[in-house]
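**Student:** return atomic coordinates for the entry below.
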Amino acid sequence: MLSSTYHKLIKALDGSPKMSKRNPMSYFTLNEPSKVIEKKIFNAFNGGCSTAKEQRALGANPNICPIFDLYLFHFYKDDNDVLERLNECLTGDILCGECKSQLIGIVKKFIEKHQAQREKFLDKAMEIIIVD
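**Tutor:** This next block holds a predicted model:
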């Protein structure tokens, strides 16, 4: 599988090697409002160039990009989708802002579904936890 061979560790949103509770912009949780997550992803570090023109010509560096890591490890199930995103990134066919916007759409859909399911089962969880 591509995700097990391409990267060793998933990076934090700020580009550091691990997430830190000291920097809440370095990660997002399943409980956060989607607007907060959107802001964090949009402001995340990326492997892009200084200008769109330069990135279109030279491509970006997915090896240092936590946005690519999120696609790779969490939000693409098919390796072909990962390879397509990798190629778009390396060739400059997609800019980092476009990539982040697409990821935001995927993550928001996932988070909203997760939060709705969690809410649906909250009463059952409380019933299990609270013993008479």
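**Student:** tell me which residue is most central in the protein.
**Tutor:** By CA atoms, centre = their mean, the chain has its centre lying nearest to Leu70, at 3.5 Å.
**Student:** is it true that that one touches Lys100?
**Tutor:** No. Between Leu70 and Lys100 there is no contact, the gap being 9.8 Å when judged by CB atoms under 8 Å. All C-beta spots, glycine's among them, are computed from the backbone N, C-alpha and C.
**Student:** who touches both of those two?
**Tutor:** Shared contacts of Leu70 and Lys100 (CB atoms under 8 Å, 6 or more residues apart in numbering): Ile41.
**Student:** who does the biggest helix by length in the chain touch, helix- and strand-wise?
**Tutor:** The longest helix of the chain (DSSP state H) is helix 96-129. Judged by 3 or more CB pairs under 8 Å, 6 or more residues apart in numbering; DSSP states H and E, the packing partners of helix 96-129 are helix 34-42, helix 66-70, helix 79-91.
**Student:** setting aside sequence neighbours, what's the nearest residue to the residue nearest to the centre of the chain?
**Tutor:** Nearest non-adjacent residue to Leu70, counting by CB to CB, 6 or more residues apart in numbering: Leu103, 6.1 Å away.
**Student:** which residues touch stretch 86-97?
**Tutor:** Defining contact as CB under 8 Å, 6+ apart, one finds that stretch 86-97 is touched by 46-48, 52, 55-60, 62, 65, 67-68, 85, 99.
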